[in-house]
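Sequence first, predicted coordinates after that:
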Amino acid sequence: DSSDEEGEEYLFKVVIIGDSAVGKSNLLSRYSRNEFNLHSKATIGVEFQTQTMEFDGKEVKAQIWDTAGQERFRAVTSAYYRGTLGALIVYDITRRTTFDSVTRWLQELKTHSDTTVAKMLVGNKKDLANIRNVSVEEGAKLAEEEGLFFTETSALDSTNVNKAFEFVIGEIY
Ligand code: GTP
Ligand code: MG
């Protein structure tokens, strides 16, 4: 369980969801290993990373799950969401279809989660703002309507990546 001789410890599960190629795996690799891959392959099944951080002098571990955006590669949904306390719902600011999918991802999350989930809407690929198709205002508006936190990130240049994960984990804590 949660306590041992080293004192209290927390383990939180966070999932990253969103359409294929929005940058979920690169957000996770940027956050957990400070790595980015321009030619990353589509995720098949599920991967996760455990990240340790400190809040108020207490050790907090986040188990961050990353799954395939492509339907045919997705793992069984209910197993993926079980025990989730935080979620990053990611779209690509250069592809409107990925933004249009956000409500569907939120619905799936709601269907499969049994507790309150801290949710962050993430508009990724901020470095490509010159070819954006979704404005910051639209992202902020959707977040407000759906009761989500909101940020734009770049896994490529690291903008707001740590902030996005740590905010969600901090909200759970
Ligand atoms: P699936 O696993 O298929 O669901 O995709 P994914 O959401 O995990 O996307 P992935 O992280 O594999 O990234 C897809 C492509 O977008 C790759 O070519 C990445 O290099 C690129 N990419 C990811 N994040 C960024 C970003 O912030 N900026 C730019 N310019 N490209 C990015
Ligand atoms: Mg992936």
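That came through, no problem. Numbering: from 1, shown residues only. Ligands and ions are numbered 1, 2, ... in the order given.

does the residue nearest the centre of the chain sit in a helix, a strand or a coil?
Of all residues in the chain, the one closest to the mean position by Cα atoms, centre = their mean is Leu88, 2.6 Å from it. Recorded secondary structure, Leu88: strand (DSSP: H, G, I helix; E, B strand; the rest coil).

What pLDDT is listed against it?
Confidence at Leu88, expressed as pLDDT, is 98.

how about it, what does it touch?
Applying Cβ atoms under 8 Å, 6 or more residues apart in numbering to Leu88 gives the contacts 14-18, 24, 27, 119-120, 122, 164-165, 168. No exception for glycine: its C-beta is placed from N, CA and C like everyone else's.

so where's this structure shaky on pLDDT?
Of all residues in the chain, those with pLDDT under 70 make up the ranges 1-8.

and the spatially closest residue to Val90 that is not a sequence neighbour, how many neighbours?
Closest residue in space to Val90, ignoring its immediate chain neighbours: Gly18 at 3.5 Å, by Cβ to Cβ, 6 or more residues apart in numbering. For Gly18, the neighbour count with other Cβ atoms under 10 Å is 25.
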